[in-house]
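J.: Requesting a structural model of the entry that follows:
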Amino acid sequence: MADIALRFFKDMLVLSSPVAGALRRHGVEGEREQMLALLLESETIEEAYRLEAVAGPQCFVADTAELTPARLAALGMDGRGEVLAATALEAVESFTPQHVLVELGPCGLPLDPSSKSSLVENRDQYARAAQLFEGRAFDAFFLNGFTTCDDLKCALMGVRKVSDAPIFASVDIQEDGMLASGRGTLRKAVEVMAEFGAAVAGFATTARPAVAAEHAAEAREALGAMGADLCLLVSLVVKERDVRQQAPTDENPYYCADTMTGAATVLRGAGVQFLRAAGDATPAYTGVLAATVAGQDVVTGQ
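T.: Below is the predicted model:
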């Protein structure tokens, strides 16, 4: 695998869609069942990645979001972190992707920002998860799905405590730019990303491309005010695929894969480098993103 840092601020890159959606389409519901599939039905996971590989993303996201100790315990997977980490990377590496991202999601523990012990406990959740990948081949960590700045800060500090690998960080936001939890804003989250060592600042949204581009501009403005130089990532969340729908709506802007063409163009124009179709996206969504930005450079000088 090439060093992904060498491509920052250069060519447009696409991330693979979440494998969870593909597993649900195979009837594998719930986080525990999906983790069991990773352990016991590797062919199901590999089939999901095989379809993504055909779509052509440069960055494969490993199915590792649940590997903090608290999440493993909640899923009845105590002590299985090492084997899950190895299995997840093997499933991705068999397709020889250009880049591999190790995803880590929120640990789910209660967090009291005023308590040092609570902050340390949460931070160490991410440090222990990141340590599972020590000595393994991957390009970057992908801290994804965060909805509060405090949890995001703990995750960044935890990963940085044990690794100097690049970090992609992404928060889930509402259409108005508030975090999905309602506690904090995209601007504040981006400031946390810059302050605590992320290389790529991102967000996931269900909003139309024009609104997503406005949020990208807001993120870029926040970074500029700090003198920070981070790449931008936008994940477009597919809520419902509907073959009967004839045009994008505010409620369901990404109703079919073709909607990714215009979205990719708008977001590239806003200076975004990394694109992802998330939610219930299929490999077709990834394929349209990849085809739309193939051979194109990042738009700079915004």
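
J.: All the strands of the stretch 201-302 of the chain, residue numbers only.
T.: Counting by DSSP state E, counting those that start in this stretch, the stretch 201-302 of the chain has these strands, from start to end: 231-238, 274-279.

J.: Now distance to E46 too, for those strands, in TSV please.
T.: C-betas here are computed from N, CA, C, even on glycine. As requested, the strands of the stretch 201-302 of the chain are exported to TSV (distance: least, CB to CB, whole Å):
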stretch	distance to E46
strand 231-238	23
strand 274-279	20
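
J.: out of those, deepest packed?
T.: Of all the strands of the stretch 201-302 of the chain, strand 274-279 has the most neighbours on average by mean count of other CB atoms under 10 Å, namely a mean of 26.

J.: now that one, how far from the chain's geometric center?
T.: Computed by CA atoms, centre = their mean, to the nearest Å, the separation of strand 274-279 from the middle of its chain amounts to 8 Å.

J.: what about the helices in the stretch 201-302 of the chain?
T.: 209-226, 259-269, 283-293 (DSSP state H, counting those that start in this stretch).

J.: mind checking which of those helices is nearest Q125?
T.: helix 209-226 (26.0 Å; CB to CB).

J.: Any chance you could list what contacts that closest one?
T.: Residues outside helix 209-226 that contact it (CB atoms under 8 Å, 6 or more residues apart in numbering) are 173, 175, 177, 186-187, 190-191, 194-195, 201, 203, 205, 207, 229-230, 232, 234, 236, 253, 262-263, 266-267, 269-272, 302.

J.: same question, stretch 240-247
T.: Taking CB under 8 Å, 6+ apart as the rule, stretch 240-247 contacts N252, Y255, C256, D280, T282.

J.: For T147, see how far away the last one is.
T.: Read that as T282. For T282, the distance to T147 (CB to CB, to the nearest Å) stands at 25 Å.

J.: just to revisit the earlier point, now render the contacts of stretch 240-247 as JSON lines, adding pLDDT.
T.: Converted to JSON lines, these look like this (pLDDT from 0 to 100):
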{"residue": "N252", "pLDDT": "94"}
{"residue": "Y255", "pLDDT": "95"}
{"residue": "C256", "pLDDT": "95"}
{"residue": "D280", "pLDDT": "91"}
{"residue": "T282", "pLDDT": "93"}
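
J.: In the stretch 1-150 of the chain, where is pLDDT below threshold?
T.: Counting by pLDDT under 70, the stretch 1-150 of the chain shows low-confidence ranges at 1-2, 26, 28-29, 37-41.

J.: Could you rerun that using 80?
T.: Within the stretch 1-150 of the chain, the ranges that satisfy pLDDT under 80 run 1-2, 20-47.

J.: Do you have the strands of it handy? List them.
T.: Using DSSP E, counting those that start in this stretch, strands in the stretch 1-150 of the chain cover 13-15, 59-62, 99-104, 140-146.

J.: With respect to E90, which of those strands lies nearest?
T.: strand 59-62 (9.6 Å).

J.: Tell me the helices and strands packed up against that closest one.
T.: If you count contacts as 3 or more CB pairs under 8 Å, 6 or more residues apart in numbering; DSSP states H and E, strand 59-62 packs onto strand 13-15, helix 42-55, helix 81-93, strand 99-104.

J.: Just the buried residues of the third one, please?
T.: Pointing back at helix 81-93 there. G81, L84, A85, T87, A88, L89, A91, V92, E93 (16 or more other CB atoms under 10 Å).

J.: Any chance of those residues in a markdown table with distance to A53 as columns?
T.: Output for the buried residues of helix 81-93, formatted as a markdown table (distance: CB to CB, whole Å):
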| residue | distance to A53 |
| --- | --- |
| G81 | 26 |
| L84 | 21 |
| A85 | 21 |
| T87 | 18 |
| A88 | 16 |
| L89 | 15 |
| A91 | 11 |
| V92 | 10 |
| E93 | 11 |
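
J.: picking that back up, as TSV, the helices and strands packed on strand 59-62 with distance to A140 would be great.
T.: Compiled in TSV, these are given as follows (distance: least, CB to CB, whole Å):
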stretch	distance to A140
strand 13-15	11
helix 42-55	18
helix 81-93	13
strand 99-104	5
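
J.: looking at the ones you listed, which is closest to L143?
T.: Across these (criterion: CB to CB), the nearest stretch is strand 99-104, sitting at 5.6 Å.

J.: and that closest one, how far out from the chain's middle?
T.: 8 Å.

J.: could you give the angle of that strand to strand 274-279?
T.: Angle, strand 99-104 to strand 274-279, by axes from the mean of the first three to the mean of the last three CA atoms, to 10 degrees: 50 degrees.

J.: contact partners of strand 99-104?
T.: 1-2, 4, 13, 15, 58-65, 67-68, 89, 92-93, 126, 129-130, 133, 137-144, 155, 159, 168.
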